[in-house]
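In: what follows is a predicted protein model with its sequence.
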Amino acid sequence: MRRRAGLQWGWVVILVGLAPVLSACGGNDGATSSANPTANGIPPAGDLTVAAAADLQFAFVEIGAIFEENTGQKVIFSFGSTGNLATQIEEGAPFDVFAAANVSFVDGLVEKGRIIADSKELYAVGRIVVAGNKEAGVNPQTLEDLLDPAIEKVAIANPDHAPYGLAAKEALISAGIWDEIQPKLVFGENIRQTLQFIQTGNAEAGIVALSIAEVPEITYTLIDDALHNPLLQAMGVVTGTPHEQAARAFVAYVISDEGQAILAKYGFQSPNH
């Protein structure tokens, strides 16, 4: 499917024609337009806005494409770092759904009343890889390989607000090379920007999410998940959304067998494995 990329509040925004499986929620949510009814005669609920961690970009676009086959409702995906998106939601950004790269951010928003407590769902466990730029002629297969003098820059997501960046930091600490690698580190605003640093050669190597690593410019090797805390990912419906039932349906689809199969294609593990 075609992608339209733009900027909204500093995030990558992708619009996809989607609609929730409204029957799973008992009907539509009232915010509808009769000008574009779905196949079963129920008009779409208004556009859903989904704030999603950057590691989900490839998987969620595919999920959107499958929804689009059967519905007329649009979903606007805003991809960014989990921490930054959580801050925006806390400050009242008008999202309907939040899909985080770490469950702690959803829990924090539940405690603050910004995510509906009973809408929280665990949907995936993420993995990280060590990656190298092919054109640069480097192929790191272990974390220790990042110390190779041929690798001048190592990209990771900012660990202060990106869960995949924090996992990278934890893995480097566990490997005993965090202090030594400091002069090489460059920080991406989110994991997608981190990948771009490696793709373009601005960093010869780095640590990124497995879910976005299948691109032609890089090689990658899976990192032992015992080296970092689990990347347990969760999502939920934002309090006050005018599209609550449709938002719940979107969450339900992501955790359905079909949604989980798509996520598995991109290297995500089921939280129930």
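Out: It's in. Residues are numbered from 1 along each chain as shown.

In: domain ranges for the chain?
Out: 5-125+231-265, 128-222 (automatic domain parsing).

In: span of the shortest one from start to end?
Out: Okay, so that is domain 128-222. Terminal residues of domain 128-222 are spaced 6 Å apart (C-alpha to C-alpha, to the nearest Å).

In: start at 839 instead
Out: Renumbered: residue one is now 839, and that last one reads domain 966-1060.

In: what about the helices in the stretch 989-1111 of the chain?
Out: 1001-1012, 1016-1019, 1029-1038, 1082-1092, 1095-1103 (DSSP state H, counting those that start in this stretch).

In: thinking again about what came up before, format the domains of the chain as a markdown table; extra columns: mean neighbour count, mean pLDDT and distance to residue 1110.
Out: C-beta here means a position set from N, CA and C on the backbone, and glycine is covered the same way. Listed next are the domains of the chain as a markdown table, based on neighbours: other C-beta atoms under 10 Å; pLDDT from 0 to 100; distance: least, C-beta to C-beta, whole Å:
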| stretch | mean neighbour count | mean pLDDT | distance to residue 1110 |
| --- | --- | --- | --- |
| domain 843-963+1069-1103 | 20 | 78 | 8 |
| domain 966-1060 | 20 | 97 | 18 |
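
In: got those as JSON lines, with distance to residue 1109 columns?
Out: JSON lines is the format used below for these (distance: least, C-beta to C-beta, whole Å):
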{"stretch": "domain 843-963+1069-1103", "distance to residue 1109": "4"}
{"stretch": "domain 966-1060", "distance to residue 1109": "14"}
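
In: can you spell out which helices and strands pack onto the longest helix seen in the chain?
Out: Identified as the longest helix of the chain according to DSSP state H is helix 895-908. With contacts defined as 3 or more C-beta pairs under 8 Å, 6 or more residues apart in numbering; DSSP states H and E, helix 895-908 has these neighbours: strand 849-855, strand 912-918, helix 1082-1092, helix 1095-1103.

In: swap in 6 Å and give it another go.
Out: Secondary-structure packing of helix 895-908 (3 or more C-beta pairs under 6 Å, 6 or more residues apart in numbering; DSSP states H and E): strand 912-918, helix 1095-1103.

In: give me the sheet partners of the first one and which way each runs.
Out: Partner strands for strand 912-918, per DSSP bridges, with pairing direction: strand 849-855 (antiparallel), strand 886-891 (parallel).

In: next, the angle helix 1082-1092 makes with the last one.
Out: In this structure, strand 886-891 runs at an angle of 50 degrees to helix 1082-1092, with axes from the mean of the first three to the mean of the last three C-alpha atoms, to 10 degrees as the basis.

In: distance from strand 886-891 to the middle of the chain?
Out: 9 Å (C-alpha atoms, centre = their mean, to the nearest Å).

In: next, format the helices and strands packed on helix 895-908 as a markdown table and append distance to residue 1057.
Out: Listed next are the helices and strands packed on helix 895-908 as a markdown table, based on distance: least, C-beta to C-beta, whole Å:
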| stretch | distance to residue 1057 |
| --- | --- |
| strand 912-918 | 24 |
| helix 1095-1103 | 20 |
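
In: nearest to residue 1042, of those?
Out: Smallest distance to residue 1042 across these (C-beta to C-beta): 24.9 Å, for strand 912-918.

In: just to revisit the earlier point, residue 906 is nearest to which of the helices and strands packed on helix 895-908?
Out: Nearest of the helices and strands packed on helix 895-908 to residue 906, taken as C-beta to C-beta: strand 912-918 at 8.9 Å.

In: just checking, next helix/strand downstream of the closest one?
Out: Using DSSP states H and E, the helix or strand that follows strand 912-918 in sequence is helix 920-928.

In: ok and that next one relative to helix 1029-1038, angle-wise?
Out: Orientation check (the same axes, to 10 degrees): helix 920-928 against helix 1029-1038 gives 140 degrees.
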